[in-house]
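Novice: fold the following.
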Amino acid sequence: MTFAFGMLVCVWLIINEILSVLENLSAIGVPMPAFLTKITGGLKVTIENAAKAEDE
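Specialist: Model prediction:
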C-alpha cells in the first residue's frame, strides 16, 4: 500500500510540474497547439478532483 501511495504522489507531482511549465509558457506568449491545451486542461481537472477525493 505504501508503494502505491508513493507512486500516486510522484505521478501527481510530475504532472503538476508539467502543467505549471506549460501554463507559464502560455503566459509569456509561447504558442501552444490546441490539442496540448486541451490535454493539459483535462489533466488539471482530473488531478484536482483526485486531490479533493483524497481529502474527503
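Novice: where does the protein have its least confident helix or strand?
Specialist: Lowest mean confidence among the helices and strands of the chain (mean pLDDT, DSSP states H and E): helix 34-55, at a mean of 80.
Novice: buried stuff in that helix?
Specialist: Buried residues in helix 34-55, counted by 16 or more other CB atoms under 10 Å: T40, K44. For glycine as for every other residue, the C-beta is placed from the backbone atoms N, C-alpha and C.
Novice: do the same with stretch 12-25
Specialist: L19, L22.
Novice: so what's the gap between that stretch and the chain middle?
Specialist: Relative to its parent chain, stretch 12-25 has a centroid offset of 6 Å by CA atoms, centre = their mean, to the nearest Å.
Novice: what's in contact with that stretch?
Specialist: For stretch 12-25, the surrounding residues in contact (CB atoms under 8 Å, 6 or more residues apart in numbering) are M32, L36, T40, L43, K44, I47, A50, A51.
Novice: repeat that with 10 Å
Specialist: 30-32, 36-37, 39-41, 43-44, 46-48, 50-51, 54 (CB atoms under 10 Å, 6 or more residues apart in numbering).
Novice: in those residues, find the pair that's most separated.
Specialist: The span of the contacts of stretch 12-25, defined through CB to CB, is set by P31 and E54 at 34.7 Å.
Novice: CA atoms only for the least confident helix or strand of the chain - export them in CSV, please.
Specialist: Written as CSV, here are the backbone C-alpha positions of helix 34-55 (Å, rounded to 0.1, in the frame of the first residue of the first chain):
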residue,chain,number,x,y,z
ALA,A,34,-4.8,23.3,-29.4
PHE,A,35,-4.5,19.5,-28.6
LEU,A,36,-1.9,20.2,-25.9
THR,A,37,-4.0,22.9,-24.3
LYS,A,38,-7.0,20.5,-24.2
ILE,A,39,-5.0,17.7,-22.7
THR,A,40,-3.4,19.8,-20.0
GLY,A,41,-6.7,21.3,-19.1
GLY,A,42,-8.2,17.8,-18.7
LEU,A,43,-5.3,16.6,-16.7
LYS,A,44,-5.5,19.6,-14.4
VAL,A,45,-9.2,18.9,-13.7
THR,A,46,-8.5,15.2,-13.1
ILE,A,47,-5.7,15.9,-10.7
GLU,A,48,-7.8,18.5,-8.7
ASN,A,49,-10.7,16.0,-8.5
ALA,A,50,-8.4,13.2,-7.3
ALA,A,51,-6.9,15.5,-4.7
LYS,A,52,-10.3,16.5,-3.4
ALA,A,53,-11.3,12.8,-3.2
GLU,A,54,-8.2,12.1,-1.2
ASP,A,55,-9.1,14.9,1.3
